[in-house]
Each structure stands twice: as structure tokens, then as C-alpha cells.
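Visitor: no FASTA, just this:
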């Protein structure tokens, strides 16, 4: 495991002293990251300026000293899944591979504010996954045992304890889906997702990485492959074609979400991904009354209250595979029904807005990370509905993968070839709705 | 919510049907290699473009049918007609919602491409 060195603090360190100095002098704050001209050549090109791409660039620069790196994004940094998720982090997964991986991510989130010198507003408030049926309760016990074996704080609690942790929940036997118990995971919590993106962008920029926004990758240039234009298995990557010109690079990393399969297709690599939208919604702000993150698999809903007092709701992915991010009334209706089943007291609250983000769903609900049959093309895709909480560890491990040209142990189970050999990492039981 | 052109029930709400995903040909299980079988099980084109996919009319006629849908705009085209075989690509080529098309389902009237 690579140890995290202190990042280059950059030209301006955020602190109370800096704030007081700036307040007294009235000086402007500098830009958080700089714009650069597109160079003709980079050592590594990372497609996708979200938390995964930026974290990969950041750890490449700080842990491995590779700074001739470009991060390309067709929109703005953090405008995709990184800005659309419900900002929940946890590590109580079902498979040993998944638990080890997400636990490393959670420990990076824990020290992130100090590492990146930015307030990411991490609130370790506990995470409850409700069980409404006997079979769900059985899965919770299974998860708790897997978690405990790996040293993760996770246990099954009864409805009275649920009521103590979240008094607004209806734990009576009246609802259609009564609460029979819950998997309680105290280290889980919520974090400000934009600040995570900005922190990594700032750290990477200070370390010398070039961040290029509004730079769309139109094609991945390859040679020697079995398909047309040298793409496909056996070939190797030579660069990318963007709307701002061609760039050459021996390594092109796909860190996109939503468009992951389209980007890798440009290099002739087909991925077992189907893209579904996932809808979320937020209410008006009210006084804080929900101290924990509450998840219900049977009711397809998860809810947390932000520091500002808004309730953030998320659901499972829409059943339709599509690239359209339009919201739907049926989602809102179902969401409201399910939430009121859990918390009848909030029936008068108003929804402020709803939105959708794209999720690259893989057949086993685990990501596709590491090398592909095309030399120099690496993927960090297929993040389904659980990409945000894995951002830091993905960046760290992908950076190690790129720098050492070896697949690190932590991400070895998520290789692309598992779909041919049948070594799937089935995470549906813990990842489908539980966030 | 989408209106899905079922060949027997006409345009139905999406919640009345189940999408089974892209229609992919099944290789012969006795002769398929491991790679071919893995590709059949898991690999999908997933384009931001037209796909041919299989739907199941869950609460209506309970028939399976295939129809083309655009994965970025959610438009339908080439709706199947009663009697068309599932997986048959020789549908009449009328675009749903276009002028003059009285046959099939007018699925496009409510869902304009964005």
C-alpha cells in the first residue's frame, strides 16, 4: 500500500490566519486552479474530470512524481456523477473484496480535509440499512459478519435502537413494510461532494497537473490493433483527438461515468456496461431532525439531512437504459410514497428540485478497473451507483497501477477479464440501493 | 413516462412493461466458446443511438416483442405489428409519430426528443 505523502500546499494555504489576513487586507483570493494551453504531448491523459479522474491525477503527482499529466473534461470539473450523487460514504459491503476496497476509501475520506487542506465537511453520523423482511434481515446479518471479520464497525440492531438513532422513523407494525431491524454502520456518513472535487483539482493543479475543461475527447488514437485504424486487442494507444486538437500520450485512462462504454469503444475495447439514469431529489431546508443516514432496500430509497437542513433523497436506477437525464413524475410519486411510509411526519414538506445522473451498470455491480487488451488504455469505469464513495481509493490505486504498470492487489478482483472467466464480484446485495 | 408501442395493446405506459435490454442473438450453447458465451451474457453495445431491444408487456398481452429505441432521445421507431416474430428485423419501416403513419402505435406524441 502506498503511503500518502503530504501534498504540496501550493501558493496559498487555507487557514484561519489566511482568512484573517485576507479579510483585513481586502485582497482577492487566487483562482483555485489555473487554465493552461493544451500541450502536444503528455505522459498520461485522463479522460473525465470528476472525483475519480482528479484523484488519479493527484496521486500520480504526489505519490509517484508523475506530473506531466492532463485531465480532460468535456464540461466542467465535477459536473457529472461527482456533482449528482447523494454524497454518502460507507464501507459495509457484502464481498470481502468490496469491503477491503471501500474501507480504504473511507479512511482516505477521514483524513481528506487535512491531506488536501480544504474543508470537505465530512460528517461521520452513522449509516442504517433498514430490513423490512426476514430475508433482508438475514442479508444484514450476513453483511455484519463479513464486515466484523474484516474489522469494520457494523452490527444488526433492533427496531427500538433504530428509533433511538432516528426518532422520526415509524417503527410500529402498521406500515406495509414494517421495520424489523437494521444494519448499523457508525463510520458511514455524508461529505460535501463538490469540495472533494475542488480539493483534488486544487491539489493536482498545485502539483503540476494540467486540468482542461471544455475539452471533449472525440477519438482515441491507436496503432497495431486488429480492428480498423489500429484499434482493438493487440494494439497500443498513441494519443487522443479532442475538439481542441490532437494530443499524443502513451497512456490514456478512461475515468468517465455514464459515457464509459462509449469512450473505451473509441479504442476498440467493448465493456459489459449498460447506462441507466438514477434520480435524486432534495426538499426545502428544515430544522435538523434526522441525525443518521437511513437506507431502505425494500422501499428503494435512501435519505440524509444536509448541514443546511435539506433532506436529500435518492432511489435505485431507472429501469430504462438511456443517456437521457430527464426527471420523471413517476419517480417523484414513488419516492414520496416510500418516504412517507418510513417517516409519516414529513408529509407537508415540499420538494425543491430533482435531478438525474448517469450510472454505468455492470452485470455484477462491481467496477471495471485496470488494464485492457489495448496497451496503454486503462479503465476506471462501471461505477454504477457507488462511484463517489470509492473516489479516493480508486485514484490512489489507479495511480499505482499506471506508475508501476502492475495491477495493485486491492483492485485485482475488478479486472475486465472476469466476465470471460466467470470470476464475478457479486455486490448487488449491498450496492443495489444501499448507499 | 414513456409510451411503449406494444403490437397488440397499442401505446402503453412504460410501467406496464418490462425492458429486458438489447436484443442479442444467442449462440449455440453446445458449440459456443467461453468468450462467445461471456459476450452473449454480458456485452452490450450501449450506444447513445438507436438500439433494438426486447420488451415484455407485463400487464397487457404478456407477449415479448422487439422495437427500436434511441438511447439518447427515447424515441421509438419501427414498431412491431401483431404477428411479427420476436427477433425478426423485417418490420415495416414506418417511423412512429411521423406524418401519414396511421398504423402501429403513435408513441412519439408525448415524448419529443430533447
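Guide: Nice, thanks for sending it over. Bear in mind that the values here come from a model prediction, so they are computed numbers and not experimental data.
Visitor: pLDDT wise, what is residue 9 at?
Guide: Since no chain was named, I'll use chain A. You'll see residue A:9 listed with a pLDDT of 47.
Visitor: Correction: the question concerned chain B.
Guide: Note for residue B:9: predicted pLDDT of 90.
Visitor: Just give the nearest non-adjacent residue to the residue in chain B that chain A sits nearest to, would you?
Guide: Nearest to chain A, among the residues of chain B, is residue B:42, at 3.7 Å (Cβ to the nearest Cβ). Any C-beta I mention is one placed from the backbone N, CA and C, and that applies to glycine too. Sequence neighbours aside, residue A:272 is the residue nearest to residue B:42 in space, at 3.7 Å (criterion: Cβ to Cβ, 6 or more residues apart in numbering or on different chains).
Visitor: Now do the contacts for that neighbour.
Guide: Residue A:272 is in contact with A:362-363, A:368, A:382, A:419, B:42-44, counting by Cβ atoms under 8 Å, 6 or more residues apart in numbering or on different chains.
Visitor: Buried residues of stretch A:37-44, list them for me.
Guide: Buried positions in stretch A:37-44, judged by neighbour count with 16 or more other Cβ atoms under 10 Å in any protein chain shown: A:42, A:44.
Visitor: For that stretch, measure first residue to last.
Guide: 16 Å (Cα to Cα, to the nearest Å).
Visitor: Same check on stretch A:21-38?
Guide: Using Cα to Cα, the two ends of stretch A:21-38 sit 35 Å apart.
Visitor: how about that stretch: buried residues?
Guide: Across stretch A:21-38, burial judged by 16+ other Cβ under 10 Å covers residue A:33.
Visitor: Assign a three-state SS to the most centrally placed residue in chain B, would you?
Guide: The centroid of chain B falls nearest to residue B:67 when counting by Cα atoms, centre = their mean (2.5 Å). Three-state assignment for residue B:67 (DSSP: H, G, I helix; E, B strand; the rest coil): strand.
Visitor: which residues sit in contact with it?
Guide: Neighbouring residues of residue B:67 by Cβ under 8 Å, 6+ apart: B:4-5, B:52-53, B:55, B:76, B:78-80.
Visitor: With residue A:208 instead?
Guide: Contacts for residue A:208 were tallied using Cβ under 8 Å, 6+ apart; they are A:61, A:67-69.
Visitor: Show me the contacts of residue A:272 that map onto strands.
Guide: Mapping these onto strands (DSSP state E) picks out residue A:368.
Visitor: neighbour-wise, which of the contacts of residue A:272 leads?
Guide: residue A:368 (28 neighbours; other Cβ atoms under 10 Å in any protein chain shown).
Visitor: Please identify which helix or strand holds residue A:340.
Guide: Applying DSSP states H and E as the criterion places residue A:340 in helix A:329-342.
Visitor: which other helices and strands contact that helix?
Guide: Helix A:329-342 sits against strand A:274-283, strand A:293-296, strand A:301-305, strand A:311-317, strand A:351-361, with contacts defined as 3 or more Cβ pairs under 8 Å, 6 or more residues apart in numbering or on different chains; DSSP states H and E.
Visitor: can I get those in TSV with mean neighbour count and distance to residue A:145?
Guide: What follows is those, written out as TSV (neighbours: other Cβ atoms under 10 Å in any protein chain shown; distance: least, Cβ to Cβ, whole Å):
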stretch	mean neighbour count	distance to residue A:145
strand A:274-283	22	29
strand A:293-296	26	19
strand A:301-305	25	23
strand A:311-317	22	25
strand A:351-361	19	27
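Visitor: what would the ones you listed look like in a markdown table with mean pLDDT?
Guide: Converted to a markdown table, those look like this (pLDDT from 0 to 100):
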| stretch | mean pLDDT |
| --- | --- |
| strand A:274-283 | 94 |
| strand A:293-296 | 94 |
| strand A:301-305 | 93 |
| strand A:311-317 | 91 |
| strand A:351-361 | 93 |
